[in-house]
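> Task: produce atomic coordinates for the following.
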Amino acid sequence: MSTSAYPSRLPSLFVSHGSPMIALETTPAAFFLDRLGPAIERLWGRPRAVLMCSPHSPARQPLVLGAARHSAIHDFGGFPAELYQLRYDALGEPLVAQEAAELIKAAGLGGWVTETSGLDHGLWTVLRRMWPDAGVPVVPLALVPSRSPAEQWALGAALAPLAEQGVLIIGSGAATHHLGRYPWGRDASKEPVAPDVRAWQDWIAARVQERDWPALLDYRRRAPEAALQHPTDEHWLPFYIAAGAGSAGRVAGSEIVGQRLHASVDAGVLAMDAYAFGAGAAELAKELA
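You can find the predicted model right below:
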């Protein structure tokens, strides 16, 4: 574990949150998140803050929430009453929020800070598993869903210097997200994995292992049945923010390391894969193995 004021350069992460029920579920993806926070602390110590992006807080320009405190927003309907009773109250980190906005603005990508507070379910359900004590300050970053994968990468690359300052950058989304295929009214735990979902998982994992970032940035044309996995791609775009943040500010190239940390499928169609990028990605994967 690092003995400096902040952890040494942290890897950036893409995690799949699936449905809000991940806060309560006993699935492989939920158990992975339970292990992820402690693994990070064993290797690098507790982060100074988590800067985290979710598709459930969309905006037309990059918007960083700089409030001093945040709490869970129950931005969903039709779930068990137990889920609505869960809370997640965490400190914010206004200084990190300001630093993030300045980095984004310096890259020519916009960048604004608001004192608005709140954690959408793509944030707090994941963080509640990783750090149940809510002991890590959180800086939410709104997603701009109209921007391309390459533009999302550039945004992540602009934020890369924060990883040198003990800030863990996480993109929270979904490896696949086609809710029209969800087996509503059936026992989702018994659904077999759809072959096209497995093919997508394998294609993404292979491209990451081969560091074929041009193919990943052009996934809509090159990946198998991409539009079936993501009819709209807002849940996949955080992957590129995380990858860019792990690039140490470089453009996509073969020297940039990515590592799959977890692979599973919920309800036969919701891939719950997670990835780490940049320095420490392989070390984190080994720690979690």
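
> what's the burial count for residue 91?
15 (other Cβ atoms under 10 Å). (Glycine included, C-beta is placed from N, CA and C.)

> Check the one 3 residues further on too.
By the criterion of other Cβ under 10 Å, residue 94 has 17 neighbours.

> from what I can see it touches residue 67, true?
Yes - counting by Cβ atoms under 8 Å, residue 67 is a contact partner of residue 94 at 7.4 Å.

> Looks to me like residue 141 is in a strand.
Yes - assignment of residue 141 by DSSP: H, G, I helix; E, B strand; the rest coil places it within a strand.

> Residue 53 is in contact with that one, correct?
Yes - at 4.3 Å, residue 141 counts as touching residue 53 under the criterion of Cβ under 8 Å.

> what's the overlap in contacts for the two?
A shared contact of residue 141 and residue 53, defined by Cβ atoms under 8 Å, 6 or more residues apart in numbering, is any residue touching both; here these are residue 241.

> so who does residue 232 touch?
Residue 232 makes contacts with residue 145, as judged by Cβ under 8 Å, 6+ apart.

> Which pLDDT value belongs to it?
The predicted structure scores residue 232 at 95 on the pLDDT scale.

> how about the strands in the stretch 1-150 of the chain?
Assigned by DSSP state E, counting those that start in this stretch, the strands in the stretch 1-150 of the chain fall at 12-16, 49-58, 63-65, 69-70, 90-91, 112-114, 138-143.

> Run through the stretch 101-250 of the chain and note the low-pLDDT ranges.
Applying pLDDT under 70 to the stretch 101-250 of the chain flags the ranges 188, 249-250.

> hmm, try it at 80
Scanning the stretch 101-250 of the chain for pLDDT under 80 picks out 180-189, 248-250.

> any idea how far residue 15 is from residue 123?
In this view, residue 123 and residue 15 are 11 Å apart by Cβ to Cβ, to the nearest Å.

> nope, residue 163 is what I was after
Applying Cβ to Cβ, one obtains 16 Å for the distance of residue 163 from residue 15.

> Between these two, tell me which one has more neighbours.
Neighbours per residue (other Cβ under 10 Å) separate residue 163 from residue 15, with residue 15 holding more: 31 against 27.

> Excluding covalently adjacent residues, which one is nearest to the more buried one?
residue 274 (4.6 Å; Cβ to Cβ, 6 or more residues apart in numbering).

> circling back to that earlier point, can you check which residues contact both of residue 123 and residue 15?
Each of residue 172 lies in contact with both residue 123 and residue 15 under the rule Cβ under 8 Å, 6+ apart.

> Do a quick rundown of the helices in the stretch 101-250 of the chain.
Per DSSP state H, counting those that start in this stretch, the stretch 101-250 of the chain carries helices over the ranges 121-130, 149-159, 195-209, 213-217, 219-222, 226-229, 238-245.

> for the ones you listed, which one ends up most surrounded?
For these, the stretch with the most neighbours on average is helix 238-245, a mean of 30; neighbours defined as mean count of other Cβ atoms under 10 Å.

> I'd like the next helix or strand past that helix.
Heading C-terminal from helix 238-245, the first helix or strand you meet, by DSSP states H and E, is strand 258-262.

> Could I get the average pLDDT for that following strand?
Per-region confidence: strand 258-262 scores 97 on mean pLDDT.

> Tell me how far that strand lies from the chain's centre.
Between the centre of strand 258-262 and the centre of its chain there are 12 Å (Cα atoms, centre = their mean, to the nearest Å).

> What helices and strands are in contact with that strand?
The elements that strand 258-262 packs onto, with contact taken as 3 or more Cβ pairs under 8 Å, 6 or more residues apart in numbering; DSSP states H and E, are helix 28-44, helix 195-209, strand 274-277, helix 281-288.

> so which of the ones you listed gets nearest residue 180?
helix 195-209 (13.6 Å; Cβ to Cβ).

> Give me the contacts around that closest one.
Helix 195-209 is contacted from outside by 175-176, 213, 215-216, 219, 223-226, 228-229, 258-260, 263, 265, 268-269, 271, 273, 275, using Cβ under 8 Å, 6+ apart.

> what's the angle from it to helix 281-288?
When axes from the mean of the first three to the mean of the last three Cα atoms, to 10 degrees is applied, the directions of helix 195-209 and helix 281-288 differ by 120 degrees.
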